Each structure stands twice: as structure tokens, then as C-alpha cells.
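Participant: okay, sequence plus prediction incoming.
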Amino acid sequence: MSFNSFGKWIGGGLGWALGGPIGGILGFVFGSVFDSMRNGEYDQKGFTPTQQGDFKVSLIVMIAAIMKADGKILKSELNYVKQFLHKRFGESETERLLLLLREILRQDLEVDEICEQIQEYMEYPSRLQLVHFLFGVASADGEPHPAEAEVLRRMCMHMGIRQNDFNSIQAMFIKETGSAYRILEITKDATDEEVKKAYRKMALKYHPDKVTHLGEDVQNAAKEKFQQLNAAYNEIKQQRGFN
């Protein structure tokens, strides 16, 4: 596989993911072909914005870590992941991403180091969208397994995700009493004005325009997250009876 074909396959090419532990994983999968792609030109001290390829590779590596969390990989889990990826990225891209996933699942993953690379190089809104995807995968067969939930929490800590943001995204997938308030990162005793202010703040944070550089597929998924935010706000408004 040549550099050009690999870049096209990933969807937008690779930037910072060529280096660090993620680059090491890809080097293991693709061998000398991947080494020739880097060709000594990557400088990890420099900063390049997250490209579509960086995001997708990070997503697949993180999915692999979640799947390996409970010490066993079930065919049903692969099927759930396949359905998830197909919904987000379409059939042909899913086939390629699953091929990459199967190769990465063969490896021992240094999850903390991988997450720290993502924290250093991936913009915060993109990291939030990555976490939203990961919760979607972990919840594909119901609520996340305790081991998966713990790995997700650890990932988020090492990716520099703020606790309130983790709780907000988690509340979108694990529905409990008060989930709407946690999505808005407030408590039930917040005033109506504080609810409105929190919604405006979260609407800016979760706006799909924050991830336009990651491609239409990711932006469409971000719209779903934005819709969940709106649904939480509307639920609170209906409960309280304000406009």
C-alpha cells in the first residue's frame, strides 16, 4: 500500500498521528511501508491540526482498547462496532476501518500514552467528539460494561477531558433521573436563568461547526450530540414551564 493510497484510505491523510505511540501502532500494522511514509520528515515537536485520518485512527485505537478492557473480544462486540461504524462512515470506509481494527486488536496497547498523545495534539472540541463516539460504541449493546466504563474514565483523564464534560456526555447514553441537568453541566437547584445560561454555553461547546475540519461524517455525528443537548434543554423547560 503506497503513501498516497493509504492517505486516501484514511480519509484526508495523517498529520500528528504519524508520530508517537499511535505512529508506533501503525508502524507495527503496516511495517516498512508505513516507515517509508514517514521518511524521517515528521517532527513531533511541531504542531499540525487534527486531520480526518488522525481522528479516525485515534478512534479505532480507542475502540480496540475498550474492546480489550474486559479481557475478551466477542464476535457480538465486533458486530456492534461494525454497525456503529457503518452508521457513521458508510459501508466501504467501515470495511477498511474494521481491517485496521482487527490488526490493532492483536497488539498490546499503552492506553495512557496513546491518550496523552491525543491530549497534546488533538483540539479539545475534537476530543469531546471522540469521547462521544466512544460512549456510543461502549453503549451499543446496552450500558457500558463496568470494565469498559472504567477504561473510558481513565482514557478521558489522560486525554485531558474535564470531569463535567465527561459527566455530560455520559448522561447522553446512561439515562437516569437528572440526566438532562448533567448534560447541561448544572444541578437541579439551578435557577431558570442559570439553566438558560448553561444551555448557551453548552451550545457553543457542542456546536457542529467546531469539527467541520474532520469531515462531513464526523460533523453529522456532532449534530446528533447537539440534538441531545437541545432535547435535554427542552425537557427542563417543559418541567419548569418557561420558554
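Facilitator: Arrived safely, thanks for sending.
Participant: tell me how this protein divides into domains.
Facilitator: As assigned by automatic domain parsing, the chain contains the domains 1-161, 166-243.
Participant: pick out the shakiest of those domains, pLDDT-wise.
Facilitator: Looking at the domains of the chain, the lowest mean pLDDT belongs to domain 1-161 (a mean of 82).
Participant: could you dump the domains of the chain to TSV with mean neighbour count?
Facilitator: Quick note: C-beta positions are derived from backbone N, CA and C, even for glycine. Converted to TSV, the domains of the chain look like this (neighbours: other C-beta atoms under 10 Å):
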stretch	mean neighbour count
domain 1-161	17
domain 166-243	16
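Participant: what ranges do the helices span in this structure?
Facilitator: Taking DSSP state H as the test, the helices found in the chain are 3-10, 20-30, 32-38, 52-67, 75-89, 91-104, 111-121, 124-138, 146-158, 163-173, 179-183, 192-205, 216-240.
Participant: figure out how far the fourth one is from the centre of its chain.
Facilitator: What separates the centre of helix 52-67 from the centre of its chain is 8 Å, taken as C-alpha atoms, centre = their mean, to the nearest Å.
Participant: could you give the angle of it to helix 111-121?
Facilitator: Helix 52-67 and helix 111-121 are oriented at 150 degrees to each other (axes from the mean of the first three to the mean of the last three C-alpha atoms, to 10 degrees).
Participant: one more: the fifth one?
Facilitator: With the same axes, to 10 degrees as the basis, helix 75-89 and helix 111-121 are set at 10 degrees to each other.
Participant: which residues sit against helix 75-89?
Facilitator: Here helix 75-89 makes contact (C-beta atoms under 8 Å, 6 or more residues apart in numbering) with 56, 63, 67, 93-94, 97-98, 101, 133, 136-137, 140-141, 217-218, 220-221.
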